[in-house]
Every structure is written in structure tokens, then in C-alpha cells.
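Visitor: My questions are about this predicted structure, shown below with the sequence.
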Amino acid sequence: MTVSLRRTLCASLWIGSFLAVDGVPAAQPERVITVAEALQSARENNITWKSLAELLVQAEAAKGIAVGMFLPKLQAEGQWLHLGERHTMDMSGFTSMGEVLGSLLGAVLEEHPGQAARFAPYAGQLGPGSAGSGSLDDLMPKADTISGTFAILVPVLNPTAFPLYQGARAQHQAALQRVAHARAQLLYAVAAGYYGLLTLQSLMTVTERSIDAAREHHRSNEVRARLQAATRLEVKRAELEVTRAESQEVELLTNLEKTKVTFRYLTGLKGDFQLVRPELAQPSADQPLASFQALAERHRRDLLAARLEAEVSAREVRKVFMKYLPTLNLFGQLRADNAEAQRFDDDPFSWTAGATLSLNVWDGGLRERELDIARSRLRQAELTVLDLRRDIQGKIEAAFQALKNAATASQLAERGLDLARDTQKLAIASEASGAATNLEVIDANTMVFGSEASAVSAKLKEAMAALELLAACGEEVPF
């Protein structure tokens, strides 16, 4: 058997083995997760997503506090009072006074007998010995006194309540926008993680094919070396390619597991799964940059929230101004008790009503300083809006240029892959005819698998650039 024939036979065996390995379908895991399912899982399981809802609860409660400034205030109070020791007055020193009053009372009744019924309750207390100890016990307070008070306060004019309520409404709207923006960013992070994980899985597939091809090439070279159709250098070079491909697989596997951990954290997914490439409606790079920036002005929720927060700061300035105006309140009070001795009448119920007009004439300059602080915060909020707008414009410009570059790079990567495959075919054919060495075939194979990896990475970068541009414009996640 001639050397040329042996080379042709070995090359044919290697080509058939390579094509067979390339054509074997990869084993598909049982569980397949689409990007829509991953996003829905993040909505249901992500802790950050759930915690953002508490911001809405707080903003709604703050708005309720502002509403409460306009509503009447009701207050009920009960009191129980126990006197541990009561001191009864000693009237023994006024015995003669009692006798004098008794004599006077007798003279009055003689002249006006018809008034006897009116003085009958006091007749026993007047006369000899009537003013002794305990004669005024009825005037002493009870040992246990129970009272209840029900009060109402109606704010008629509270100037600070109006800007407070308007500011609370604006703050609530700002919280809605902040939460929506944060959740949108979270979903974009999930989508980006999905594409990153999908790319790593695709690279793993390419690397596994590269390993299989390298091992088969190494086995073929071992056979050819035994037939003296290949040198030991070619065998060692093929073995080196196997080692290099296996090292790349280990590195990719490590990155794949790390990415899966992060992806599981974002989505709440458990176990192992397989991803499928989604259809992404990419924005056109042919559109003018100004159109994307105008879109962000309308749709960026964080920008809208910053504007609302600037409005809240403006309301704070108005609230301080309102402190110079008077406040008017109506009040009423109803009281009931069992303290007859202190009331001097038999009605246990009493009520009062009134109005208060309050004007803070001078508070030591506190309002002026509060006004300075409120105006400073307003200027700071306006600068925050301006800074955020510039930051958004810069991100849109960078994402727009990145999308254009990624689209060009993806096209070049596809072209490079086609050229690498053509080169591989030529190298195999040349090696079979004896016009090329086995080392050139190895280089061609390495070029193909490297070009496949570059094409996969270029597709990822193009998708990531599209997602980044959509996120910068404030668009919803396109899945």
C-alpha cells in the first residue's frame, strides 16, 4: 500500500467520523425554559420584585396621611379618680353659728309658713349641735369619680394641608414610576442573563463538537502513525488540540454554572434546564439617534419620577409659604361624670363649643430658614432631572452605536465562519491528495470552531446591544 493510498484511506475515515460526530443530535434535557417563562418566574419569585411593592404601600399611606389633614378629629377620653384619703372639715367650732342660723330660720318660718317645705332638708342641720363634725359631708367629693369626655376638632382652614396633599399625590405617582422602572430593569437583567446563559450553552455545544472532532483526529493520526503515514509531531499536535479543547470546556462549564446560579437567583427557578433562542424584535439601527432620545423623554419612568419629585420639592416650598397664613378650627366637647359635689347641679352632662383662629406672627426666623432649605432642595431636584436626562442621552448614544457595531460584527463573524468552513474543506481535500499536511487540517479545524464561537458571541453582543438600547429608551421588555 503506497503512502498516498494510506493517506487517502485515513483521511476518508477521519472525514466520515467527523461528519458523523457533527451530525449526531445533542441530547435535549427534559426541561425547557423559554424567556417568557423565565420573566414570569421572576415576577412571581424574585424577592426584589416583591419588596418593591412595599414602596407603593408606603406611598399610599403617605397620601392617606395628607388626606387626614382635612378630616375632623374625634377623641374620646375616660377617667377614673380614687381619693385615697378624704379630709372632712371639722365644724365643731361653729356650734353657736348653727344655733343663730337655726333661730333665724325659725323666725322666717313663723313669718312665712308656706316656705317650710323649701327649708325642710336643711332644718336638721341647723340648731344646737348641728354644726358639729360631719355636718358638711354632702359637700365633700366622692372617693371614686368616673368621667368621660368626647371631643371633636374640625379643621376649617389649614393652609399647609393643601400643598402637603398635592405633594403626597405627586410623591405617590413618583413611587409608581420608580417601582415600574426598577421592575423593568430587573426584567431586562433576566433577559440579558437568559441570553448570556444561552450563549454559554451554545459555546458548550461548539466546544463538545470540537473535542469530539479533536479526539477523532487524534485517533486517526495514531492509526496513520502506525501505518507510517503520519509523524509523531502530527500525533502530538493532535493530542495538544484535544487538551486545549478540553481545557476550554472546563472553563466554559465553570462560567456556565456561575451564570446559572445568578440566573436562578433572579428568576427563582430550581434544578437544571435548557434554554431556547427567543425571537427578538431588534430596533433598527437605520433610525436617527434623535428618535430614540425622544422616545426616552416620553417613556423613561425614572425620568418621569425625577420630574415628579421636583414637583414635590416645589410643593414643599409652597407649604412653607402657607405657614404665614392663619389657621381656623372648630371644636366641641361633651362631658359626663358622677361628681355631683363638684358640679353644684344635678345634670351629669355638660358640653362646650368654640372656634380658634391662630396666626404665627414671629417664630424666631424658623420659617425663613425652612424656606431656604426647601428652595435649595427644589434646585437640587431640578439639577437631578437635568443630570439624569444627560445620562440617559449618553447611554442611548452609546447603546445605539454599540448596536450598529454589533450588527456589523455579527455579519463579519458569519462571513468569517463561511470562510473558515471553506478553508477546512480545502485543507481536508489537500491533505487527502497529499498537497497539505495534517497540521494544516488541524489549524483549519481550530479555525472553524473558533469562528463558530465568534459567531455565537457576536449574536449575543448584538442581542445585548438591542436590549440595552430598548432599556435606555424606557421600552417594555420585548418578550
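Guide: Sure thing, it's come through.

Visitor: Buried residues in the strand or helix carrying V67, which are they?
Guide: For V67, the host element (DSSP states H and E) is helix 47-68. Neighbour counts over helix 47-68 (16 or more other Cβ atoms under 10 Å) mark W49, L52, A59, A62, K63, A66 as buried. All C-beta spots, glycine's among them, are computed from the backbone N, C-alpha and C.

Visitor: nearest residue to the fifth one other than its sequence neighbours?
Guide: Think K63. Once flanking residues are discounted, K63 sits nearest to A168: 4.4 Å by Cβ to Cβ, 6 or more residues apart in numbering.

Visitor: how about the helices in the protein?
Guide: 3-23, 35-45, 47-68, 95-111, 116-123, 161-226, 232-267, 289-299, 301-322, 340-343, 366-433, 438-473 (DSSP state H).

Visitor: Could I get those in TSV, plus columns for mean pLDDT and distance to L280?
Guide: Shown next, in TSV, are these (pLDDT from 0 to 100; distance: least, Cβ to Cβ, whole Å):
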stretch	mean pLDDT	distance to L280
helix 3-23	39	27
helix 35-45	95	9
helix 47-68	92	22
helix 95-111	70	108
helix 116-123	66	100
helix 161-226	91	8
helix 232-267	90	18
helix 289-299	94	17
helix 301-322	95	22
helix 340-343	65	84
helix 366-433	93	12
helix 438-473	89	6
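
Visitor: what's the closest of the ones you listed to S147?
Guide: Of all the helices of the chain, helix 340-343 sits nearest to S147, with 10.1 Å by Cβ to Cβ.

Visitor: need the buried residues of helix 47-68 in a markdown table with distance to R298, can you?
Guide: Formatted as a markdown table, those follow (distance: Cβ to Cβ, whole Å):
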| residue | distance to R298 |
| --- | --- |
| W49 | 25 |
| L52 | 23 |
| A59 | 23 |
| A62 | 27 |
| K63 | 25 |
| A66 | 29 |
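
Visitor: ok, back up a step: quick one, the helix holding V67 and helix 232-267 angle?
Guide: Between helix 47-68 and helix 232-267, the angle comes out at 20 degrees (axes from the mean of the first three to the mean of the last three Cα atoms, to 10 degrees).

Visitor: can you give me how far helix 47-68 is from the chain middle?
Guide: Centroid displacement of helix 47-68 relative to its chain, using Cα atoms, centre = their mean, to the nearest Å, is 11 Å.

Visitor: now swap in stretch 194-204 and tell me
Guide: 28 Å.

Visitor: what's the answer for stretch 391-401, then?
Guide: With Cα atoms, centre = their mean, you get 24 Å for stretch 391-401.

Visitor: circling back: now, among the buried residues of helix 47-68, which is nearest to A435?
Guide: Nearest member of the buried residues of helix 47-68 to A435, counting by Cβ to Cβ, is W49, at 62.2 Å.

Visitor: just checking, the closest one touches L186?
Guide: Yes - because the distance of 6.1 Å satisfies Cβ atoms under 8 Å, W49 is recorded as touching L186.

Visitor: Give me the common contacts of those two.
Guide: A42 (Cβ atoms under 8 Å, 6 or more residues apart in numbering).

Visitor: Now do the same contact list for the most centrally placed residue in the chain.
Guide: Centroid-nearest residue in the chain, with Cα atoms, centre = their mean: L52, separated by 2.8 Å. Contacts of L52 were listed using Cβ under 8 Å, 6+ apart, and they are V179, A182, R183.

Visitor: re the thing from before, quick check: angle from the helix holding V67 to helix 35-45?
Guide: Going by the same axes, to 10 degrees, helix 47-68 makes 50 degrees with helix 35-45.

Visitor: With just CA atoms, put helix 47-68 into CSV.
Guide: In CSV, the C-alpha atoms belonging to helix 47-68 read as follows (Å, rounded to 0.1, in the frame of the first residue of the first chain):
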residue,chain,number,x,y,z
ILE,A,47,-37.5,39.0,46.3
THR,A,48,-36.6,42.4,45.0
TRP,A,49,-39.7,42.4,42.8
LYS,A,50,-41.9,41.7,45.9
SER,A,51,-40.1,44.2,48.1
LEU,A,52,-40.7,47.0,45.6
ALA,A,53,-44.5,46.6,46.3
GLU,A,54,-43.9,47.8,49.8
LEU,A,55,-42.8,51.2,48.4
LEU,A,56,-46.2,51.5,46.9
VAL,A,57,-47.8,50.7,50.2
GLN,A,58,-45.8,53.4,51.9
ALA,A,59,-46.6,56.0,49.3
GLU,A,60,-50.3,55.2,49.5
ALA,A,61,-50.2,55.5,53.3
ALA,A,62,-48.4,58.9,53.0
LYS,A,63,-51.1,60.1,50.7
GLY,A,64,-53.7,58.9,53.3
ILE,A,65,-51.9,61.0,56.0
ALA,A,66,-52.2,64.1,53.8
VAL,A,67,-55.9,63.4,53.3
GLY,A,68,-56.4,63.1,57.0
